[in-house]
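Colleague: no FASTA, just this:
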């Protein structure tokens, strides 16, 4: 029996759960160790409220959008939102479940956000589920040492503009709720994807 399973059983007994509940909860948490996590893609990329579609560049912007971008550059604030989609594949005979997760997202090695998603996820037995993680950041604050052109180009690179690729990093730590107590998976699960 793994160290994780032994620790969880002791905790569950201390919380007064029945043996059936204990085994089920241990199995669901332990199943995450056997799941495969894959950064599928990012989508719904918005810069200053402008939807950035694949291959879009600054030359694709209309006059109003260019004015908004110019004002953002002058004020050194370029808010960007996007979704990171993670495919979770569960090869186990029973479900893998989590009540919430901590996550850390990075772009080209710089941490974008470190926070918690308070949303339960249940991946049925022998199936896949896509977990969507919403991201909001300000590229000027994140890459303050870079030129305005480099920062603006990074926003378009996220949407797949033909330029240098972007390295997207993601770390997740799942939790499971037992009698109102949040128990964390022992380590972060680390993923990387090169966005072309």
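Modeller: Here it is on my side, so go on. These numbers come from a predicted model, not from an experiment. Numbering: from 1, shown residues only.
Colleague: what bridges to the residue nearest to the spatial centre of the chain?
Modeller: Nearest residue to the geometric centre of the chain (CA atoms, centre = their mean): residue 133, 4.5 Å. As for beta bridges, residue 133 partners with residue 84 under DSSP bridges.
Colleague: Touching, it and residue 119? I think so.
Modeller: No: in this structure, residue 133 is not within contact of residue 119 by CB atoms under 8 Å, at 9.4 Å. Heads up, the C-betas are built off the backbone N, CA and C, glycines and all.
Colleague: The closest residue to residue 119 other than its chain neighbours and residue 150, how far apart?
Modeller: Once flanking residues are discounted, residue 119 sits nearest to residue 100: 6.6 Å by CB to CB, 6 or more residues apart in numbering. Using CB to CB, to the nearest Å, residue 100 is found at 35 Å from residue 150.
Colleague: Which pLDDT value does the model give the residue nearest to the centre of the chain?
Modeller: pLDDT for residue 133: 90.
Colleague: residues in contact with it?
Modeller: Contact analysis of residue 133 by CB atoms under 8 Å, 6 or more residues apart in numbering lists 83, 84, 85, 86, 103, 105, 117, 170.
Colleague: show me what contacts the last one?
Modeller: By CB under 8 Å, 6+ apart, the contact list for residue 170 reads 39, 84, 86, 103, 104, 105, 106, 133, 190, 191, 192, 193.
Colleague: mind checking which helix or strand it is in?
Modeller: Using DSSP states H and E, residue 170 sits in strand 166-178.
Colleague: The residue nearest to residue 85 when sequence neighbours are not counted: neighbouring residues, count only.
Modeller: Using CB to CB, 6+ apart and skipping residues adjacent in sequence, the residue nearest residue 85 is residue 40, 4.4 Å away. Neighbours of residue 40 under the rule other CB atoms under 10 Å: 17.
Colleague: what's the answer for residue 154, then?
Modeller: 22.
Colleague: Relative to residue 148, how far out is it?
Modeller: Distance, residue 154 to residue 148, by CB to CB: 11 Å.
Colleague: quick one, helices of this structure?
Modeller: Secondary structure of the chain, counting by DSSP state H: helices at 3-14, 19-34, 63-75, 139-142, 148-158.
Colleague: what is the rounded mean pLDDT of the first one?
Modeller: Throughout helix 3-14, pLDDT has a mean value of 50.
Colleague: The third one too?
Modeller: Within the predicted structure, the mean pLDDT of helix 63-75 is 91.
Colleague: low pLDDT regions in the chain?
Modeller: The model of the chain has pLDDT under 70 over residues 1-30, 32-33, 162-163.
Colleague: how about 80 then?
Modeller: 1-34, 54-55, 159-165, 176-181, 183, 185, 195-196 (pLDDT under 80).
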